[in-house]
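Novice: need coordinates for the following:
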Amino acid sequence: MTTSKAQSPPYPSAARISDSECYPAYSASLKCLEVFNSDKSKCQEHFDIYKECRKKEREARLERNRSRNLFS
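Specialist: Model prediction:
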């Protein structure tokens, strides 16, 4: 009997940041901090974009969980 560990989960996983749709915004935030020597005030726009992306990702996950039937 063989089991396939390569099966994709029934829903998108964002357990790792690199799996997240927000990864580009995350990377841009870090790159900005690197370019501006960790001056957070110069990177606020990047932080806001990333925060909004994470918010949308969370809302989508909550909606998926609401629509799931636990007793099927």
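Novice: what pLDDT does S18 get?
Specialist: On pLDDT, S18 comes in at 84.
Novice: centre of the chain to the helix or strand that contains K56, how far?
Specialist: Using DSSP states H and E, K56 maps to helix 44-67. In terms of Cα atoms, centre = their mean, to the nearest Å, the gap separating the centre of helix 44-67 from the centre of its chain is 8 Å.
Novice: can you list the helices and strands that that helix packs against?
Specialist: helix 23-35 (3 or more Cβ pairs under 8 Å, 6 or more residues apart in numbering; DSSP states H and E). Every C-beta, even on glycine, is put in place using the N, C-alpha and C of the backbone.
Novice: ok, residues contacting the helix it packs on?
Specialist: I17, S20, D39, K40, K42, C43, H46, F47, I49, Y50, C53 (Cβ atoms under 8 Å, 6 or more residues apart in numbering).
Novice: wouldn't the last one be in contact with I17 here?
Specialist: No. Using Cβ atoms under 8 Å, C53 makes no contact with I17, being 11.4 Å away.
Novice: of these two, who's got more company?
Specialist: C53 (17 against 11; other Cβ atoms under 10 Å).
Novice: and that one, how far is that from E59?
Specialist: C53 sits at a distance of 11 Å from E59 (criterion: Cβ to Cβ, to the nearest Å).
Novice: likewise D19?
Specialist: In terms of Cβ to Cβ, D19 sits 18 Å off from E59.
Novice: nearest residue to the middle of the chain?
Specialist: The chain has S20 as the residue nearest its centroid, 3.4 Å off, counting by Cα atoms, centre = their mean.
Novice: burial measure for C43, as a count.
Specialist: Neighbour count for C43, taken as other Cβ under 10 Å: 20.
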